[in-house]
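Colleague: Kindly generate the corresponding structure for this input.
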Amino acid sequence: MDLPSSWDVLRKQARKLEAQLDEQINLYRKLVAAKGDVNEKDLESGIDHLLKQLQHVNSQMQIWVSSGSSEVFSHTLTRHQEILHDFTQEFYRLRSSLRAAQEHASLLKNYGVSDQSKGDLEDGSSAEQALLREQAALSRGTGQIDNVISQAQATFGELVLQRSTFSGISYKISNVSSRLPSVNHILSAIKRRKSMDTIILSLVASTCTFLILLYWLSK
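Modeller: Numbering: from 1, shown residues only. Sure, this is the predicted structure:
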C-alpha cells in the first residue's frame, strides 16, 4: 500500500486546520450571539470547507494506522477524530440556532409591518393574524427540520468515527491472526524438543540401570 504524506506532515496539517476551525467557529458563535442581520454564508462555507479538509487529513492518517503503525499513532488519530467530531457538532448546533433566530426576527418584522398597515380594518386584521399564525407554524416546522438534519449529521459523524475505530481494531485482530501460525510453529517446535529431551533422558536412565544390574550380577 502506498502511504500518504509523512505522519509528521499530516499531524501538522491536522493541527493547523483545527486551529483555523477553532478561530472560525468562535467568530461564528459571536455572530449567532449577536443575532444581527448579517451575511453568514461566507463564514459557514469556510467552516464547512475546513471540516472537509480535516476529514480528508484524518482519512490519510487512518491509512498510516491501518498499515501497522505503532499504538501511539492510533491514539493520536483517535484524538484528532474526536476533535473533528466536536467541531462538526458545534457548527451544526450554532447554525441551527442562527436559523431559528433569523426566522424569529423575520416573523417579528413582518408582524410589525402588518400592524402598521392594518389600520382600522378588523376583517383585514383577522386575516393578517391568521397569516402570521400560519407563518409562525411554518417557521417552527422549519426549525424542527433543521434540528433533525443537524442531529442526523452529528450521528453520521459519530458513525464515521466508530467505523474508523472498528477498522483499526479489525486490522489489529487480522495482524495478530496472521502471526499466530508462526507462534504455533514455535510452540510446536518447543514441544518436539521437549519430547526428544525426555526420550533421551529416559534412554540414559535405562542404560545406567541396566549397567548397574549387570555389575551386581557379575559379582
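Colleague: so where is the protein shaky, pLDDT-wise?
Modeller: 1-5, 35-38, 110-187, 189-191, 194, 219 (pLDDT under 70).
Colleague: what are the ranges of the strands in it?
Modeller: Assigned by DSSP state E, the chain shows no strands.
Colleague: all helices for it, in order.
Modeller: For the chain, the helices defined by DSSP state H cover 7-34, 41-66, 71-117, 122-218.
Colleague: Settle this for me: I83 is touching E18, isn't it.
Modeller: Yes. In this structure, I83 is within contact of E18 by C-beta atoms under 8 Å, at 5.6 Å. For the C-beta atoms, the positions are set from N, CA and C on the backbone; glycine is no exception.
Colleague: Could you count how many residues lie near L214?
Modeller: Using other C-beta atoms under 10 Å, L214 has 9 neighbouring residues.
Colleague: do the same with the one 4 residues further on
Modeller: A count of neighbours around S218, defined by other C-beta under 10 Å, yields 6.
Colleague: Contacts only, for it.
Modeller: By C-beta atoms under 8 Å, 6 or more residues apart in numbering, no residues touch S218.
Colleague: And it, how far from S202?
Modeller: Per C-beta to C-beta, to the nearest Å, S218 is found 25 Å from S202.
Colleague: L10 now?
Modeller: In terms of C-beta to C-beta, L10 sits 61 Å off from S202.
Colleague: Same question for Q60.
Modeller: 61 Å.
Colleague: Just want to know which of those two has more residues nearby.
Modeller: The neighbour count for Q60 versus S202, taken as other C-beta under 10 Å, is higher for Q60 (16 against 10).
Colleague: The more buried one touches L10, doesn't it?
Modeller: Yes. Here Q60 reaches L10: they are 5.5 Å apart, a contact under C-beta under 8 Å.
Colleague: what sits against V57?
Modeller: L10, Q13, A14, L17, H80 are the contacts of V57 under C-beta under 8 Å, 6+ apart.
Colleague: at 10 Å what do you get?
Modeller: Counting by C-beta atoms under 10 Å, 6 or more residues apart in numbering, V57 touches 4-5, 9-18, 80, 84.
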